[in-house]
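In: How does the following fold in three dimensions:
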Amino acid sequence: VFSVEDHFSFNAVMAPIFCNGCGARADETDNFCDRCGKELRKRKVLDEEVDCSPYICHQDIARFRYDNNDRLVDTDRRLLQETLTLVTSENEWVWRNARITVYGELVKVVFYSGDKTNKFVVQLTSEDRPYHVVEKKGWRLWFRDGFKTAWGWLKSAAGAVTGAVAGTITGGLSKLAIGWMSK
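Out: Numbering: from 1, shown residues only. Predicted structure coming up:
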């Protein structure tokens with residue numbers, strides 16, 4: 001089984017070096033970019049945990065992004081933007097007992113609150129697109145999502161029955177009207 005923790009090793013790892021000017025990848029022994037000549041800043045992976053109690057909110061993630069803006073690369077900013085979208089898409093009660101782990105190019109950050117029963121992961125796809133996954137649901141989130149699924153099935157079944165009945169009635173009336181007009 002593949003684990004994200006196994007894939008990333010964050011113990012004082014030197015991150016890949018990219019030029020801030022042109023974006024070219026550089027060797028960690030270089031001090032200047034081969035393409036544009038700009039001085040390279042060597043960066044370490046940013047590994048932090050942020051306590052967002054009483055609940056994870058938009059301001060917590062925005063503050064982290066603002067405070068660490070000079071240490072983030074574009075892909076990490078996009079991941080944090082995906083995290084902002086995730087947080088605003090759910091109710092506050094979900095974030096009272098939650099953990100969101102963001103795995104980026106130069107960042108591994110965990111936003112948490114309460115007992116962390118609702119667990120989410122934000123990372124990049126193989127096409128470098130940010131996405132999020134629900135790693136584990138607490139009982140309340142599990143129950144809500146289960147109810148939504150059951151309600152969706154019920155609505156679909158009711159719609160199919162209603163459509164079939166309406167189609168029969170409409171079809172019968174149409175035939176009756178056409179038969180009446182032809183006489």
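In: contacts, neighbours, all on C-alpha from now
Out: OK.
In: On the three-state scheme, the residue nearest the centre of the chain is what?
Out: Of all residues in the chain, the one closest to the mean position by C-alpha atoms, centre = their mean is H132, 2.7 Å from it. Here H132 is recorded as strand under DSSP: H, G, I helix; E, B strand; the rest coil.
In: do you know how far it is from L80?
Out: Noted for H132: a distance of 11 Å to L80, by C-alpha to C-alpha, to the nearest Å.
In: Likewise for K38?
Out: 27 Å.
In: Quick check on those two: which one has the bigger neighbour count.
Out: L80 (25 against 14; other C-alpha atoms under 10 Å).
In: Helices of the chain, residue ranges please.
Out: 4-7, 58-67, 74-89, 92-95, 139-182 (DSSP state H).
In: Name the surrounding residues that touch the second one.
Out: So the one you mean is helix 58-67. Under the criterion C-alpha atoms under 8 Å, 6 or more residues apart in numbering, residues 52, 77, 80, 83-84, 87-88, 111 lie in contact with helix 58-67.
In: repeat that for 7 Å
Out: Here helix 58-67 makes contact (C-alpha atoms under 7 Å, 6 or more residues apart in numbering) with 52, 84, 87-88.
In: ranking these by neighbours, who comes first?
Out: Busiest of the contacts of helix 58-67 [other C-alpha under 10 Å] is C52, holding 20 neighbours.
In: ok, it to N91 distance?
Out: Per C-alpha to C-alpha, C52 is found 15 Å from N91.
In: Then H58?
Out: From H58 to N91 the distance is 12 Å (C-alpha to C-alpha).
In: Quick check on those two: which one has the bigger neighbour count.
Out: Of the pair H58 and N91, H58 is the one with more neighbours under other C-alpha under 10 Å, namely 15 against 9.
In: Now that we're looking at that one, what pLDDT does it have?
Out: H58 is assigned a pLDDT of 95 by the prediction.
In: ok, now the one 5 residues further on?
Out: As predicted, R63 sits at a pLDDT of 96.
In: go on, T75?
Out: 91.
In: dump the residue contacts of it.
Out: T75 touches 104-105, counting by C-alpha under 7 Å, 6+ apart.
In: Output the contacts of helix 58-67 in JSON lines; the columns should cover distance to R65.
Out: Listed next are the contacts of helix 58-67 as JSON lines, based on distance: C-alpha to C-alpha, whole Å:
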{"residue": "C52", "distance to R65": "14"}
{"residue": "L84", "distance to R65": "10"}
{"residue": "V87", "distance to R65": "14"}
{"residue": "T88", "distance to R65": "16"}
